[in-house]
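I would like to see how this sequence folds:
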Amino acid sequence: MKQKMNKVEKPLLTIAIPTYKRPKYLYQAIKSAVEQSETSIPYDIIVVNNDPESDMADVKEAFTDVADKVTFYSNEKNIGMIGNVNRCVSLARGEYVAFLHDDDLLLPNYLSEIRPFLEEQKGSCLIPSRYLLFEGKSPSGKYKIEEKRKKKALLSSLFLPRYLFRRKFTAITNADNAFAWQNCYCAPTCGVVFKKDVILSRGLFFPEGTYSWDFISFFALNETEKIYLLHEPVSVYRMSTGASLRAEVQYDFYVAFEEMMGKYPAGSKPNRFINHYRNEIKYLNYASLNDAGKKFVAERCSGVVKECPSRFKFFLFMLKRMIHFSFNNLDVEMPLTNHGREVLKQMAVLSD
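Numbers count the residues shown, from 1 in each chain. Sure, this is the predicted structure:
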């Protein structure tokens, strides 16, 4: 652990770690936020515990040397995932607040890479690139996410011209979600930065009762605010629980994407694209689900397209999606590289 730090009177950035019953990983998450190579940015760290049955005594004891940098809070009762995320915003002292889930990690270069965004005030949100760390298997053992991600990364790498014009930061719009037909924002963890006053003015994150709240909140924010992607990997996202494969979670995202078809103004380019490929989109929304998700959706939704309307038109739709995603540099998730693995070994997260 680093030497004792002086309390930051007015932090530019607060790194917020909402936590609930994951002490195994929480220590590593806090440690990764503390041990940053950049030291000139005034920042602090808050840990907000949503488990009223735990006082996190062991974790607090491990960070007594940096007590002026790390502040622990505990909720008197469980206020739900979104409630805890919103409490993080209200407790944050920084002009910007960055989220780090309790099982994810920041790499030592995180602060140095996001520094231009903070200092130049480029926008209201920054989504940094992250490595994917696969641990364990999905509940069924059949849905091989890691292999699928690697194939996607390989296909994307074939679009070589995009690297010639790739900048450090890429602006993203709502329309990108239509043309790429996927969630281009990813989960709001791994150091995703928000301007605090903008989030407060919009009523924080919403809505309760849905697993797709993060996508819905990002989409609403992007209607009026600039969101940027950072292409240098600065964090690690653990893929370990397989929670996204649960039927009810897949249902929520299916509904969110079905609703997205009606969110673009009539006559706009995204609206015309969606109308041209409406049946192909509805088929993809269904075909992307696992067996449990398909059954769950079929029992609750009308208008489900279960068969491919036109193989040629579907191929053309998928090709256009890939081209838009790749040439517009919308990728922020990547399988762990050898370099990333070496960094995690130095952080004592992985062993030989």
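
Show me what the helix or strand where Ala16 lies pairs with in its sheet, parallel or antiparallel.
Here Ala16, judged by DSSP states H and E, is contained in strand 13-19. The strands beside strand 13-19 in its sheet (DSSP bridges) come out as strand 43-49 (parallel), strand 96-99 (parallel).

Pull out the buried residues from the longest one.
In this case it means strand 43-49. The neighbour-count check on strand 43-49 (16 or more other CB atoms under 10 Å) flags Tyr43, Asp44, Ile45, Ile46, Val47, Val48, Asn49 as buried. All C-beta spots, glycine's among them, are computed from the backbone N, C-alpha and C.

Before we move on, what's the pLDDT of the fourth one?
This means Ile46. Looking at Ile46, its pLDDT reads 98.

same check, this time on the one 5 residues further on
Note on Asp51: pLDDT of 93.

Which element, helix or strand, includes the closest residue to Tyr251 other than its chain neighbours?
Nearest non-adjacent residue to Tyr251, counting by CB to CB, 6 or more residues apart in numbering: Phe296, 4.9 Å away. Using DSSP H and E, Phe296 maps to helix 291-300.

How far does that helix sit from its chain's centre?
Distance, stretch centre to chain centre, for helix 291-300: 25 Å (CA atoms, centre = their mean, to the nearest Å).

and stretch 119-137, average pLDDT?
87.

buried residues in it?
Gly123, Ser124, Cys125, Leu126, Ile127, Pro128, Ser129, Arg130, Tyr131, Leu132, Leu133, Phe134.

which residues of the chain score low on pLDDT?
The model of the chain has pLDDT under 70 over residues 1-7, 136-166, 240-243.

Now do the strands in the stretch 101-250 of the chain.
105-106, 125-134, 169-172, 192-195, 227-239 (DSSP state E, counting those that start in this stretch).

Save these as a markdown table, and put in distance to Asn86 too.
Output for the strands of the stretch 101-250 of the chain, formatted as a markdown table (distance: least, CB to CB, whole Å):
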| stretch | distance to Asn86 |
| --- | --- |
| strand 105-106 | 22 |
| strand 125-134 | 16 |
| strand 169-172 | 23 |
| strand 192-195 | 12 |
| strand 227-239 | 19 |
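
To Leu284, which of those strands lies closest?
Closest to Leu284 of the strands of the stretch 101-250 of the chain, according to CB to CB: strand 169-172, at 20.6 Å.

what about stretch 186-196, how long is it end to end?
Stretch 186-196 has an end-to-end distance of 19 Å (criterion: CA to CA, to the nearest Å).

Alright, calling it a day.
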